[in-house]
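>>> quick one: sequence plus predicted model below, questions after.
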Amino acid sequence: MLTDLVDDASTLAEVEDPLEAELTGALFVAMARAGGDETMAAFAGAFVPAIEARGTRAALTLLTAIGAVAGDTAGPVDESARTSAARLRDVGVAAPSWADDLAQPLTAGPFTRLHDDHDSMSVLIGVFQRAGREHALMIMVDNEHCGAAEQIYLLAAGDLPNAVAAIHQGARQDGVNIRTRKLGAAEFRWYVEQALDARAVHDEEDGPDGVPAGLDLIDDDGPGYAPLAVLTRRRLDVLPAARRPRGTVASGHATDRTAMDVLQQLAGMIGRSGGPAAFGLDLPAPRRSQPAKLPAKRKRSNGPAPIYQIKVSLRGAKPPIWRRLLVPGDITLNRLHQAILAAFGWHGGHLHVFDTAYGQFGRADRDLGHRSDGPVTLEQVAPAVKDKLRYTYDFGDDWEHEILVEKSTPADPAARYPACVGGRRAAPPDDCGGIWGYQELVEVLADANHPEHQERLEWLGLDDASQFTPDTFDLHQVNQRLRDS
């Protein structure tokens, strides 16, 4: 068995991404931890030395991978693997090709927590970077049963927006409201450690003779929960010490946890296939009814398009935040997207979608059911006064806007469109965690004694809280942005 394991590691020496090596190491560490202290001692005292004794590059590759993820919680395994790897390097054994990348510092952020209105479930998301590569960890948490981690997904960072979009879309279809909150690194670590620790207790309670019931080393999509938990704990080591967020308490342990409970709470959250696969997405198309047929575009023979007066309101904002815009009826939805970004001061760079009676339009994405918004015009999807559609920007923060067609008038040849003719209150800053995160931001900045007060000021680039004026609306500034967009 040892021969096969080491020989298989020969191909691992040349992989491009060291994350693949870390996952291999995490698999071995998970197996060692599963057996408790005696197994870890045997692993460190016999198994690791036996690998070293082979003296090959494949052996060094395997030991380097194990040492990269073992960490302090693996006790003697960590020290044994690192010491054995160092001895092989000292006698001239060639290191794996990814060793230099693995030695680069690991950075982390941003961190996000998604949860429903009743906080019965939550999703913790952290993004990590090293040597020019990014990946994300998504931890699904069952808050109704001790806040235990139910599943961990490893995603390429580029796939994260689609995964978050699938969560929001599935929740909307199931009538569930999702709140988004940006976390500090210490808060993220606290939430994740709570979830991993609760899951570890459950696994020990459910297993016979103290052997974890759900060891889950490998599943159909790749690494199972156990090695991903090892990798996750290693990622937490680079973060500041855990800090409990204000207003939260550590979860207790319930004994009525059932598989049906878990299924009911996660249904609709990331699709019915079990969610994103490791290093990619394997999401089914979301459930949706067949949209109406999209009307034809305006013909030249119909004359110039009228000017629509539309009111764009940020959903959930209290007090209300809105903009009244004048736009040509034949403005494309993509151009309208740019106008809304300018009107609210959003930076852009995030995914968006228009929900209409004729389907969903944004960046074309077959998995999400989104058609391109480039060729579609506003009057096609909202042909009459009082028609409504919904526009969502940033599937992480989930800024939802309701667009209402208030009236239609002939174009003024002397006017420039799009234009803003009214509004209320400043828009929230981009990337602040959605409407719920914005409300928290306002509260933090209003309280000079809040522990995060100074941190939030620095994030906004402000010297003093008096510079933060959420109740103001600057019509001239909005129109300047519209002219520049």
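Here it is on my side, so go on. Residues are numbered from 1 along each chain as shown.

>>> how's the chain carved up into domains?
Listed domain ranges for the chain are 2-102, 107-247+261-266, 302-428+470-484 (source: automatic domain parsing).

>>> could you dump those to TSV with mean neighbour count and mean pLDDT?
Quick note: C-beta positions are derived from backbone N, CA and C, even for glycine. TSV is the format used below for these (neighbours: other CB atoms under 10 Å; pLDDT from 0 to 100):
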stretch	mean neighbour count	mean pLDDT
domain 2-102	19	83
domain 107-247+261-266	19	81
domain 302-428+470-484	18	93
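
>>> need the ones you listed in a markdown table (columns: distance to V442).
Below are the domains of the chain laid out as a markdown table (distance: least, CB to CB, whole Å):
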| stretch | distance to V442 |
| --- | --- |
| domain 2-102 | 39 |
| domain 107-247+261-266 | 14 |
| domain 302-428+470-484 | 6 |
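
>>> of those, which is nearest G437?
G437 sits nearest to domain 107-247+261-266 of all those, at 5.1 Å, using CB to CB.

>>> now that closest one: how far from the chain's centre is it?
Centroid separation for domain 107-247+261-266 versus its chain: 10 Å, with CA atoms, centre = their mean, to the nearest Å.

>>> show me what whichever strand or helix holds L114 is packed against.
Using DSSP states H and E, L114 sits in strand 107-116. The contact analysis (3 or more CB pairs under 8 Å, 6 or more residues apart in numbering; DSSP states H and E) places strand 107-116 against strand 121-130, helix 160-173, strand 178-183, helix 185-206.

>>> how about residues contacting the third one?
When contacts are taken as CB atoms under 8 Å, 6 or more residues apart in numbering, the neighbours of strand 178-183 outside the stretch itself are 110-117, 124, 167-168, 171, 191, 245, 396-398, 431-434, 436-437, 440.

>>> give the contact list for the residue most central in space within the chain.
Central residue of the chain (CA atoms, centre = their mean): I125, 4.6 Å from the mean position. With contact set as CB under 8 Å, 6+ apart, I125 has these partners: F111, T112, R113, L114, A136, L137, M138, I139, L160, V164, G396.

>>> find the nearest non-adjacent residue to L368, please.
Spatially, and ignoring its direct neighbours in sequence, L368 is nearest to A165 (5.8 Å; CB to CB, 6 or more residues apart in numbering).

>>> which stretches of the stretch 1-150 of the chain form strands?
Counting by DSSP state E, counting those that start in this stretch, residue ranges of the strands within the stretch 1-150 of the chain are 107-116, 121-130, 133-142, 148-156.

>>> so what strands line up beside the last one?
Think strand 148-156. strand 133-142 (antiparallel) (DSSP bridges).

>>> and the partner strand, C-alpha only, in PDB?
C-alpha atoms of strand 133-142 as PDB (Å, rounded to 0.1, in the frame of the first residue of the first chain):
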ATOM      1  CA  ARG A 133      -4.100  32.300  -7.700                       C
ATOM      2  CA  GLU A 134      -7.400  32.700  -5.900                       C
ATOM      3  CA  HIS A 135      -9.800  30.200  -4.500                       C
ATOM      4  CA  ALA A 136     -12.800  30.400  -2.200                       C
ATOM      5  CA  LEU A 137     -14.200  28.200   0.600                       C
ATOM      6  CA  MET A 138     -18.000  28.100   1.100                       C
ATOM      7  CA  ILE A 139     -19.200  26.500   4.300                       C
ATOM      8  CA  MET A 140     -22.800  25.600   4.600                       C
ATOM      9  CA  VAL A 141     -24.000  25.900   8.300                       C
ATOM     10  CA  ASP A 142     -27.100  24.500   9.900                       C
END
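
>>> and the residue nearest to V29 when sequence neighbours are not counted, how far from D78?
Excluding its sequence neighbours, the residue lying closest to V29 (CB to CB, 6+ apart) is V230, at 4.9 Å. Using CB to CB, to the nearest Å, one obtains 11 Å as the distance from V230 to D78.

>>> mutual contacts of those two, please.
G71.

>>> now the helices for the stretch 301-450 of the chain?
333-344, 378-381, 434-446 (DSSP state H, counting those that start in this stretch).

>>> any idea how far the shortest one is from the chain center?
Spelled out, it's helix 378-381. Taking CA atoms, centre = their mean, one finds the center of helix 378-381 at 32 Å from the center of the full chain.

>>> so what touches it?
Applying CB under 8 Å, 6+ apart, the external contacts of helix 378-381 come out as 294-298, 305-306, 308, 310, 327-333, 336, 354, 356-358, 361, 389.

>>> wait, A198 sits on A148?
Yes - with contacts counted by CB atoms under 8 Å, A198 reaches A148, the gap being 3.8 Å.

>>> for I321, give me its contacts.
Applying CB under 8 Å, 6+ apart to I321 gives the contacts S313, L314, R424, R425, A426, A427, P428.

>>> any idea how far the closest residue to P295 other than its chain neighbours lies from A59?
If the residues on either side of it in the chain are set aside, P295 comes closest to Q380, at 5.2 Å by CB to CB, 6+ apart. Applying CB to CB, the value for Q380 to A59 is 64 Å.

>>> which residues does K386 contact?
L404, V405, E406.

>>> which ones are touching the residue nearest to L368?
Residues near A165 by CB under 8 Å, 6+ apart: L351, V353, L368, F395.

>>> again with V405
Residues near V405 by CB under 8 Å, 6+ apart: Y308, Q309, I310, A382, A384, V385, K386, D387, K388.
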